[in-house]
Each structure stands twice: as structure tokens, then as C-alpha cells.
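**Q** make a model of this:
(one chain, ligands or ions: 1)
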Amino acid sequence: VVDLIAAAAAVGQPLRVGVIGAGIMGADHANTLRRSVRGAEVTAVADVDLDRAKSAAAGATAYDDAFALIADPAVDAVLIASHDSVHAAQVVAAARAGKAVLCEKPLAPTLAEGRQVLRDIGATGEALLSLGFMRRFDPAHTELKAAIDAGVIGPVLRVTGASRNVVSYPDTTSESIITNSVIHELDSIPWLLGSPVTSVAWLAGRATSKVAAGVADPSLTLLRTADGVLTSVDMYVNAEYGYDLRTEVLGEKGALSLTDPALLAVDLGRHRSTGYPLDWRPRFADAYRLELGAWVASVAAGTPSPLASAADGLAASRVAAAVIASMHEGGRWVEVDR
Ligand SMILES: NC(=O)c1ccc[n+]([C@@H]2O[C@H](COP(=O)([O-])OP(=O)(O)OC[C@H]3O[C@@H](n4cnc5c(N)ncnc54)[C@H](O)[C@@H]3O)[C@@H](O)[C@H]2O)c1
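**A** Numbers count the residues shown, from 1 in each chain. Prediction:
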């Protein structure tokens with residue numbers, strides 16, 4: 001299949017992409033593919049909500065069944081942006097159909113399901129699978145990684161991160177905050193440091209009144225990587241004031257921080273202000289564009305995907321499982337399963 005796609009690309013035919021899930025991310029990815037990615041054509045969109053699929057399809061085929069989209073011969077490659085709980089079955093079906101798959105994070109909500117996916121698709125399916133950890137393509141993050149790797153601040157000693165969403169998804173639980181939101185840090189921290197997470201601890205204090213009783217928001221996740229660096233991730237998914245992501249990497253000689261990416265400052269009434277976006281899309285628009293472009297180019301060329309791999313997705317799920325174990329065991333340090 002990959003050879004056929006490469007042959008089509010060689011004669012200038014676009015890669016025909018089917019998008020599963022037409023919510024916030026699926027609709028955004030379909031638009032980005034259409035507007036900003038060379039060599040791609042969105043030929044189908046599927047969502048259990050057919051009206052949503054039609055609206056995101058913008059004239060392409062709309063399905064209310066993901067498996068019908070996967071079977072469509074006019075779909076060469078599948079982008080999965082459906083609910084976390086259905087990723088696993090859709091990844092398995094697409095890989096078994098021999099189609100390249102870009103699955104939004106997480107691979108699956110639990111480690112057991114993630115492991116089962118990799119068993120079900122085997123080595124051939126694994127080679128077809130990429131994960132949507134887009135920070136790896138975000139210009140601010142790639143610059144940060146390059147500075148760390150170049151030793152600009154000397155050996156890294158600490159990483160401090162804060163991540164805030166305006167409002168949580170419906171039915172959010174303490175566990176889903178880890179598998180859905182903190183999961184980005186569970187991939188980006190070992191990627192930035194070039195060192196795997198070996199042990200974790202999870203803590204929480206007073207919770208916001210905006211969540212159901214028993215849901216821990218905000219929460220603090222501590223990660224220790226094999227290099228000995230301690231990272232703290234302060235997550236609050238109901239922050240109201242805006243989408244906000246902060247990272248500081250402290251080294252022996254200095255510190256590196258992601259700067260506020262606001263493009264405009266308003267000076268008014270003796271105050272200066274900048275805005276926050278409502279969600280992550282404006283902050284990561286370039287990352288999504290670069291990620292999708294790299295994915296389409298690699299699938300079309302039949303070369304290995306430069307995106308996060310299935311193994312990276314499983315590694316993040318292993319760390320998430322350890323964080324949830326700590327959550328259930330009074331915040332004790334938990335070793336990450338190897
Ligand atoms: N990489 C990122 O920056 C990023 C950001 C946000 C969300 N995500 C991930 O993207 C995915 C989608 O998130 P979202 O914010 O767009 O959520 P959303 O709720 O806005 O959209 C999900 C869509 O999936 C559809 N859906 C549910 N079950 C389905 C099924 N069985 N088949 C087909 N469609 C189905 C829903 O009807 C909905 O339209 C999630 O997995 C989420 O974790 C990634």
C-alpha cells in the first residue's frame with residue numbers, strides 16, 4: 001500500500017486523507033490539511049454526528065461510521081481525532097486495512113488498551129502509526145530543545161511547567177486529566193531532555209468548585225527522568241482566564257523559558273495588556289501545520305514518519321499509568337513500568 005501511495009505521489013496525485021472525528025480538533029485538522037498542507041486532499045470525514053461530519057467535510061464524503069471511512073478506497077491515510085475512548089479500535093481497523101494512521105493523543109485511555117493495540121497491529125501496523133504529540137513540531141519547543149541540546153544553560157537541573165485550559169471536557173475525572181491533558185508533558189518532557197521518565201508522584205490540594213466532587217483540579221504531577229532531573233507539572237483544566245502554557249528549564253548557568261506567544265499588546269487607560277486564547281488552537285497552529293505537513297510528506301514518500309511513534313505513545317501511556325497509580329496510593333513515588 002505504501003508503495004502504491006508513493007507511486008501516486010511520484011505522478012503528482014495528492015495523498016487522500018480521511019478524518020475521523022469532526023469536533024474541535026478534527027475540524028481544525030481538516031481545515032489545515034485543505035488550506036496549508038501541500039500534497040494532501042481531504043476525501044472523507046466521519047463523525048457519529050453526521051451533521052458535524054458534513055460540515056467539516058466541506059463537500060467531501062461524510063460518514064457517520066468511522067469503519068466505513070476506513071474501508072473507503074478513496075482514503076489512503078486516516079487521521080483519527082475522535083473521542084479518546086474510541087481511538088484504539090479505529091487505529092487497529094485502519095492499520096489492518098494497511099493505511100497510514102495519524103492518531104491524536106492518547107493512543108488509548110489505558111496502558112492495557114495501548115498495549116493491546118500494538119499486539120493487534122503487529123510490527124507492520126506499528127510502522128504505519130504516528131501519534132499527534134504536536135509539541136515536537138512547535139517552533140518554540142523545537143528551539144527550546146535545540147538550546148538544551150547545545151548546552152546553552154549547562155546541565156539541566158529542574159523543569160517547571162504550568163498548563164491551563166479554560167474549561168474541562170464534560171465528564172472529566174482526575175484520571176482523564178492525566179491521560180488527556182498531562183499526557184502532553186509525559187511525552188514532551190522526556191523528548192526535551194532526551195531521557196525517559198523513571199518515577200512519578202501525583203499530588204493535589206483544594207479543588208475548584210467547578211468540578212464534580214472527588215475530581216482533583218488543579219493537580220501537581222512530579223516526574224523524575226533517568227538523568228536525575230525533577231520536573232513539576234502544574235495542571236489546571238478549569239482556569240477560566242485563558243489557555244496558558246508555561247515552561248521553564250533551569251540549568252547550572254541559566255534558564256530557558258517559553259515566552260508568552262501573544263502577538264499584540266494593548267496600551268490603554270494607563271495599563272498594558274495582552275490576550276489569552278480560548279483554547280490551544282491558536283497557540284499550536286504552526287505546530288499542527290508542520291506536523292500534518294511532515295506526516296503527509298513522509299506517507300507520500302514512503303519514508304519513516306518523523307512524528308511521535310507508536311512506541312512513544314505507549315511510553316507516555318506507561319508514565320500516565322504510573323501517575324494514576326500514585327494518585328490512587330496517596331501520592332507516593334511510583335516507578336514507571338519498563
Ligand atoms: N494534539 C492536541 O493538541 C489536542 C488538543 C485537543 C484534543 N486532542 C485530542 O483530539 C481528539 C479530539 O478532541 P476534540 O477536542 O476535537 O474533542 P471533541 O469532543 O470536540 O470532538 C470529538 C469528536 O469525535 C466524535 N466521535 C466520538 N466518538 C466517535 C466515533 N466512535 N466515531 C467517530 N466520531 C466519534 C464526536 O462526535 C466529536 O465530534 C481527542 O482524542 C483529544 O484528546 C488533541
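**Q** which residues of the stretch 101-250 of the chain score low on pLDDT?
**A** Across the stretch 101-250 of the chain, not a single residue meets the criterion (pLDDT under 70).
**Q** near the ligand, which residues of it?
**A** With Cβ under 6 Å from any ligand atom as the criterion, the stretch 101-250 of the chain meets the ligand at residues 104-105, 132, 134, 180. Just so you know, the C-beta spots here come from the backbone N, C-alpha and C atoms, and that holds for glycine as well.
**Q** now those residues in CSV, with secondary structure and neighbour count?
**A** As requested, these are exported to CSV (DSSP: H, G, I helix; E, B strand; the rest coil; neighbours: other Cβ atoms under 10 Å):
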residue, secondary structure, neighbour count
E104, coil, 21
K105, coil, 22
G132, coil, 27
M134, helix, 24
N180, helix, 21
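**Q** number of nearby residues for D217?
**A** Using other Cβ atoms under 10 Å, D217 is surrounded by 22 other residues.
**Q** residue ranges for the strands of the stretch 151-300 of the chain, please.
**A** Counting by DSSP state E, counting those that start in this stretch, the segments of the stretch 151-300 of the chain that form strands are 156-164, 197-203, 219-225, 230-236, 244-251, 255-257, 265-268, 271-274.
**Q** picking up where we left off before, ok, which pair from the residues of the stretch 101-250 of the chain next to the ligand is furthest apart?
**A** Greatest spatial distance among those (Cβ to Cβ): M134 and N180, at 14.5 Å.
**Q** quick one: the helices in the stretch 201-338 of the chain?
**A** Secondary structure of the stretch 201-338 of the chain (DSSP state H, counting those that start in this stretch): helices at 285-301, 310-328.
**Q** go through these and pick out the most buried.
**A** helix 310-328 (a mean of 22; mean count of other Cβ atoms under 10 Å).
**Q** put the alpha carbons of it into CSV.
**A** Taking Å, rounded to 0.1, in the frame of the first residue of the first chain, the C-alpha atoms of helix 310-328 are listed here in CSV:
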residue,chain,number,x,y,z
ALA,A,310,3.6,4.1,18.5
ALA,A,311,6.4,3.3,20.9
ASP,A,312,6.4,7.0,22.0
GLY,A,313,2.6,6.8,22.5
LEU,A,314,2.9,3.7,24.6
ALA,A,315,5.8,5.2,26.6
ALA,A,316,3.5,8.2,27.5
SER,A,317,0.7,5.8,28.5
ARG,A,318,3.1,3.9,30.7
VAL,A,319,4.0,7.1,32.6
ALA,A,320,0.3,8.1,32.8
ALA,A,321,-0.5,4.7,34.4
ALA,A,322,2.2,5.3,37.0
VAL,A,323,0.8,8.8,37.7
ILE,A,324,-2.6,7.3,38.2
ALA,A,325,-1.2,4.6,40.5
SER,A,326,0.4,7.4,42.6
MET,A,327,-3.0,9.2,42.6
HIS,A,328,-4.7,6.1,44.0
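**Q** follow-up on the earlier one: reformat the helices of the stretch 201-338 of the chain as a markdown table; add distance to the ligand and mean pLDDT.
**A** Shown next, in a markdown table, are those (distance: least, Cβ to the nearest ligand atom, whole Å; pLDDT from 0 to 100):
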| stretch | distance to the ligand | mean pLDDT |
| --- | --- | --- |
| helix 285-301 | 7 | 98 |
| helix 310-328 | 12 | 97 |
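**Q** closest residue of the stretch 1-150 of the chain to the ligand?
**A** Going by Cβ to the nearest ligand atom, the ligand is nearest to G23 of the stretch 1-150 of the chain, at 1.8 Å.
**Q** now that residue. Its backbone dihedrals?
**A** With angles defined as degrees, to the nearest 10, G23 sits at phi -80, psi -150.
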